[in-house]
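Visitor: Kindly return the folded structure for what I paste below:
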Amino acid sequence: MTDKTQYLEDQIDELKAQGLFNNIRVLDSPMDAHVVIDGRKLINLCANNYLGLANHPRLKEAAKKAIDEYGIGPGAVRTIAGTMTLHEKLEQRLAQFKGADAVVTLQSGFTANLATVPALVGKGDVIFSDELNHASIIDACRLSRAQVVRYNHNDPADLRRAIAETAEYNRRLIVTDGVFS
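Guide: Residues are numbered from 1 along each chain as shown. As a prediction, this is how the structure comes out:
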């Protein structure tokens with residue numbers, strides 16, 4: 001270890017001493033309600049696979065078919081290299097299902113939040129954000145450059161109070177998690 005990187009080792013040691021170092025688990029099974037880690041079958045209480053669709057046989061079969069037809073991915077962002085007919089069909093079907101004019105799909109909830117919140121509000125606006133919102137919502141709020149007012153978790157009375165105290169903004173957005181994890 002050189003002196004130039006010693007501070008990194010010191011920070012890691014400090015995180016370990018505080019019990020804050022994140023050891024990433026290696027799964028020997030699909031991400032599901034139960035997972036296998038180090039040969040032990042464990043209950044998984046931390047995945048986002050709420051509906052159990054990640055390993056549904058029909059979806060796995062459809063994914064295999066799509067890979068055979070389209071490859072494993074577009075290889076570039078759609079705004080630069082274009083979009084695939086598969087994505088276009090998905091968005092059209094989702095729009096029909098939701099009764100919407102159009103739908104845009106994004107690769108994760110994190111990117112959806114980063115794209116949506118700053119598109120809706122910006123400098124001169126205010127966001128009312130539940131104090132326990134996901135980190136991606138917090139980052140999206142920061143990225144928007146809007147004023148952020150946090151209200152007490154799941155507390156409509158505190159939200160009403162916050163709204164009543166902030167009439168001077170152009171636009172006001174209330175943002176909360178759909179599922180608090």
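
Visitor: Least confident secondary structure element in this structure?
Guide: helix 78-81 (a mean of 86; mean pLDDT, DSSP states H and E).

Visitor: Contacts for that one next, please.
Guide: If you take Cβ atoms under 8 Å, 6 or more residues apart in numbering as the criterion, helix 78-81 is touched by 74-75, 84, 87. Every C-beta, even on glycine, is put in place using the N, C-alpha and C of the backbone.

Visitor: where does the chain have low pLDDT?
Guide: By pLDDT under 70, the low-scoring segments of the chain are 1-2, 181.

Visitor: Now the helix or strand encompassing Glu91: buried residues?
Guide: Here Glu91, judged by DSSP states H and E, is contained in helix 85-98. By 16 or more other Cβ atoms under 10 Å, the buried positions in helix 85-98 come out as Glu91.

Visitor: Can you spell out which helices and strands pack onto that helix?
Guide: Contact here means 3 or more Cβ pairs under 8 Å, 6 or more residues apart in numbering; DSSP states H and E; on that basis helix 85-98 packs against helix 57-70.

Visitor: just the CA coordinates of the helix it packs on, formatted as CSV?
Guide: In CSV, the C-alpha atoms belonging to helix 57-70 read as follows (Å, rounded to 0.1, in the frame of the first residue of the first chain):
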residue,chain,number,x,y,z
PRO,A,57,-41.6,-19.6,-16.1
ARG,A,58,-43.6,-17.7,-18.8
LEU,A,59,-41.5,-14.6,-18.4
LYS,A,60,-38.3,-16.6,-18.5
GLU,A,61,-39.5,-18.3,-21.7
ALA,A,62,-40.4,-14.9,-23.2
ALA,A,63,-37.0,-13.5,-22.3
LYS,A,64,-35.2,-16.5,-24.0
LYS,A,65,-37.3,-15.9,-27.1
ALA,A,66,-36.5,-12.2,-27.1
ILE,A,67,-32.8,-12.9,-26.7
ASP,A,68,-32.8,-15.3,-29.7
GLU,A,69,-34.6,-12.6,-31.8
TYR,A,70,-33.0,-9.3,-30.6
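
Visitor: Pop the domain breakdown of this protein in here.
Guide: Listed by automatic domain parsing, the domain ranges of the chain are 6-43, 56-98, 109-175.
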